[in-house]
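# Sequence and predicted model, in that order:
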There are 2 protein chains.
Amino acid sequence: MVARRAVKIELTRDMIMNAARDLFVEKGYQHVSMRQIAKKLNYSHGAIYYHFKNKAELFYALVEKHFLMLDQTIDEIVNQDTDDEEKLRQMCLGFIEFGLTHQSHYEIMFLVKEEEVRNFMNEGPMKTYQKFAKQVSSLSEKQISIQEVWSLFLSLHGFVTHYIRHITTFNEVKGAAEFHVEMVLKWTRN
Amino acid sequence: MVARRAVKIELTRDMIMNAARDLFVEKGYQHVSMRQIAKKLNYSHGAIYYHFKNKAELFYALVEKHFLMLDQTIDEIVNQDTDDEEKLRQMCLGFIEFGLTHQSHYEIMFLVKEEEVRNFMNEGPMKTYQKFAKQVSSLSEKQISIQEVWSLFLSLHGFVTHYIRHITTFNEVKGAAEFHVEMVLKWTRN
DNA sequence: TCCATTAATTAACCACTGTTCAATTATTAC
DNA sequence: GTAATAATTGAACAGTGGTTAATTAATGGA
């Protein structure tokens, strides 16, 4: 009958989101229950519903957060003091590094299939991609079509997706990443 | 109280596998229940257990079957009576088509993270990739390195992976696929 | 001090799931 | 026609899940 822990810090949205992120990454949206998240935090599952309307909303909050991070990464690279070709290279490598460093975030952003969740978030990925595309387009040596940028993006996506499967750090595949980026960037040159 | 339909054809492994395939493609492994499969066939769910030990065995029977199909697809394309460049194009498109047509199987073959699932089918993807790589290498106009083939494969993989997220049929993205393949094949030319 | 508010617990509800199994029926072999 | 066998049914079991609601405890201000 002991409710409300005395000494313990109160449950916060952030605490829930952190625990949930780890579990979602480890098992995927469908295989994570509210009860599991609560257990990880040593709280009851009901408590989560005090902070989030339901499972989908909790998940969506995570996705939004991670998109902001990627947005910032892109901004930082664009504002670097280097020439355009190097910026392009850094953008592509930066994208891969982000994906492999924040595997959890990447999965949530680009790999989750569940309709229930995707209904919530349709603009998110698109806005981030548009930022990416705009930069690639303006940094490219030659005039590059929308379709070409899309192919470029998908190719980077393929790299990340594959290496995410084996729990690899970015450093372990840095060489391969650089090679892949170099291949892809051929499309941006005359 | 009427068991065993009089007129109806008897339930077979093949019938079950066909119904299951459709559902798995439509909804993914997790979201398909034995009851749904049975319903689609107008049989009771118990009947399936007479033909398959359990859901996993039914699924793996399908996966195996479709690995064979991918292998055959590659073979057929290679044995076509066209020039090498066209064969290459067909190989790449064939791979994408396969991925988008058998989404659930593609996921297991190339996207599933759980070791538990991957353990009993580790040679599968590798053998198929090696066949693919060997053919790309020998059909390529210019001498192409192992790394270059790998980049090519990852780029196709990225295409499939992305469109698998949205429940898209191959036909809906055929144009995009052809463009993507054209981009990727630039790497094989001088 | 009292009391409204906030935060957390727990039980309960309902809709599922994979799987097993006794009972039932249809088919076949004799 | 009968007995043996094969195929099918549907109930039952044991879980799991998301979600809600009643309830309890801590907190801070009047």
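Okay, I see it.
# Show me where chain A dips below the pLDDT cut-off.
Counting by pLDDT under 70, chain A shows low-confidence ranges at A:1-11, A:104, A:112-122, A:124.
# hmm, try it at 80
Applying pLDDT under 80 to chain A flags residues A:1-11, A:25, A:28, A:102-105, A:107-109, A:111-125, A:166-168, A:190.
# What segments of chain A are helices?
Remark: helices assigned in chain A by DSSP state H are A:13-27, A:34-41, A:45-51, A:55-78, A:84-101, A:103-106, A:115-118, A:123-139, A:146-165, A:174-185.
# Format those helices as a markdown table; extra columns: distance to B:Leu41 and mean neighbour count.
To be clear about C-beta, it is placed using only N, CA and C from the backbone, and glycine gets the same treatment. Output for those, formatted as a markdown table (distance: least, CB to CB, whole Å; neighbours: other CB atoms under 10 Å in any protein chain shown):
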| stretch | distance to B:Leu41 | mean neighbour count |
| --- | --- | --- |
| helix A:13-27 | 31 | 18 |
| helix A:34-41 | 34 | 17 |
| helix A:45-51 | 37 | 15 |
| helix A:55-78 | 32 | 17 |
| helix A:84-101 | 42 | 20 |
| helix A:103-106 | 39 | 20 |
| helix A:115-118 | 25 | 16 |
| helix A:123-139 | 38 | 16 |
| helix A:146-165 | 34 | 21 |
| helix A:174-185 | 45 | 18 |
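# Could you dump the ones you listed into TSV with distance to DNA strand D added?
Below are those laid out as TSV (distance: least, CB to the nearest atom of the strand, whole Å):
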stretch	distance to DNA strand D
helix A:13-27	9
helix A:34-41	4
helix A:45-51	4
helix A:55-78	4
helix A:84-101	26
helix A:103-106	18
helix A:115-118	9
helix A:123-139	20
helix A:146-165	23
helix A:174-185	35
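# Now do the residue positioned nearest the centre of chain A against A:Glu182, distance only.
With distances taken as CA atoms, centre = their mean, A:Tyr106 lies nearest the centre of chain A, 2.8 Å away. The spacing between A:Tyr106 and A:Glu182, counted by CB to CB, to the nearest Å, is 22 Å.
# got the contact list for A:Gln80?
A:86-87, A:90 (CB atoms under 8 Å, 6 or more residues apart in numbering or on different chains).
# Out of those, the closest to A:Leu58 would be?
Using CB to CB, A:Gln90 is the member of the contacts of A:Gln80 that lies nearest A:Leu58, at 33.7 Å.
# Give me the nearest residue to the residue nearest to the centre of chain A, chain neighbours excluded.
A:Gly99 (4.1 Å; CB to CB, 6 or more residues apart in numbering or on different chains).
# cool, and A:Ala61?
That would be A:Met17: by CB to CB, 6+ apart, it lies 6.2 Å from A:Ala61.
# you'd agree the one you found is up against A:Phe59?
No. Using CB atoms under 8 Å, A:Met17 is not in contact with A:Phe59; the gap is 9.6 Å.
# Is it possible to get the helices of chain A out as JSON lines so that each row also shows distance to B:Gln147?
Formatted as JSON lines, these follow (distance: least, CB to CB, whole Å):
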{"stretch": "helix A:13-27", "distance to B:Gln147": "29"}
{"stretch": "helix A:34-41", "distance to B:Gln147": "41"}
{"stretch": "helix A:45-51", "distance to B:Gln147": "47"}
{"stretch": "helix A:55-78", "distance to B:Gln147": "25"}
{"stretch": "helix A:84-101", "distance to B:Gln147": "15"}
{"stretch": "helix A:103-106", "distance to B:Gln147": "23"}
{"stretch": "helix A:115-118", "distance to B:Gln147": "34"}
{"stretch": "helix A:123-139", "distance to B:Gln147": "23"}
{"stretch": "helix A:146-165", "distance to B:Gln147": "12"}
{"stretch": "helix A:174-185", "distance to B:Gln147": "5"}
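# Go through the ones you listed and name the closest to B:Thr82.
helix A:146-165 (23.8 Å).
# Could you check the angle that closest one makes with helix B:146-165?
100 degrees (axes from the mean of the first three to the mean of the last three CA atoms, to 10 degrees).
# Tell me who's in contact with the residue of chain A found nearest chain B.
Using CB to the nearest CB, the single residue of chain A nearest to chain B is A:Gly158, 2.4 Å away. If you count contacts by CB under 8 Å, 6+ apart, A:Gly158 has them with B:154-159, B:161.
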